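Peer 1: based on what follows, work out the 3D shape:
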Amino acid sequence: MKFLYFGHSRFTYNTEVEKNAIEKIREKFPNYRVLNPNLDKHQINCNDFYNGIAGTEMEYFLNLTKMCEFGVFMVYDENKWSPGSYTEATRMIQDGKKVYLLSPKDWKFRQIKKIENHYTFDEESKKLKADGLLVLSGENG
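Peer 2: Predicted coordinates:
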C-alpha cells in the first residue's frame with residue numbers, strides 16, 4: 001500500500017474540517033492510505049522519541065513525509081500556511097515529491113511547486129487567539 005501525507009495545522013486536529021478533508025482526500029486518491037500526523041500513535045511516538053527536546057519534534061514529522069509518495073496540505077482560508085505544514089511541504093518539494101493544496105473553502109485540489117506565504121509559530125498563535133480559536137492556558141477566553 002502506498003501512502004500520502006496529510007499536512008495540516010495542529011489547530012485543525014479533531015475538528016469537522018479535518019474529518020471532511022480526510023473524506024475528500026480518500027475520494028480523490030482511493031489507492032493511497034492517508035498518513036495523518038494527528039493520529040495518537042504519531043503524537044505518542046514523537047513525544048516518546050524526542051522526550052521534549054526543543055526543536056527536534058519537527059524532524060519526526062519530516063521523517064514521516066519521506067515514507068509517502070506525495071503530500072496533500074490544508075491551509076487557512078487566506079491560503080497562508082501553518083509553520084509546520086510549510087516546513088513539511090517545502091521538504092517534500094525539495095525531495096521532488098508532488099504537493100497538493102486543499103482549500104476548505106471549495107474542497108478543490110491543486111498542485112503547487114512553491115509556497116508563497118506562511119505564518120511563524122508566533123503569528124499563527126496570535127491569529128488564532130484573535131479569531132477566538134485559541135485560548136492560552138491561564139487565560140479566561
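
Peer 1: name the residues that touch the host helix or strand of Met92?
Peer 2: Assessed by DSSP states H and E, Met92 sits inside helix 83-94. Here helix 83-94 makes contact (Cβ atoms under 8 Å, 6 or more residues apart in numbering) with 5, 7-10, 58, 61-62, 65, 68, 70-71, 73-75, 81, 98-99, 112-115, 118-121, 124. From N, CA and C alone the C-beta is placed, and that goes for glycine too.

Peer 1: list the buried ones in that helix?
Peer 2: 83-93 (16 or more other Cβ atoms under 10 Å).

Peer 1: let's have those residues in JSON lines, adding distance to Lys105 and pLDDT.
Peer 2: Listed next are the buried residues of helix 83-94 as JSON lines, based on distance: Cβ to Cβ, whole Å; pLDDT from 0 to 100:
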{"residue": "Pro83", "distance to Lys105": "21", "pLDDT": "86"}
{"residue": "Gly84", "distance to Lys105": "21", "pLDDT": "86"}
{"residue": "Ser85", "distance to Lys105": "16", "pLDDT": "90"}
{"residue": "Tyr86", "distance to Lys105": "19", "pLDDT": "91"}
{"residue": "Thr87", "distance to Lys105": "23", "pLDDT": "90"}
{"residue": "Glu88", "distance to Lys105": "21", "pLDDT": "92"}
{"residue": "Ala89", "distance to Lys105": "18", "pLDDT": "95"}
{"residue": "Thr90", "distance to Lys105": "23", "pLDDT": "94"}
{"residue": "Arg91", "distance to Lys105": "26", "pLDDT": "95"}
{"residue": "Met92", "distance to Lys105": "23", "pLDDT": "96"}
{"residue": "Ile93", "distance to Lys105": "23", "pLDDT": "97"}
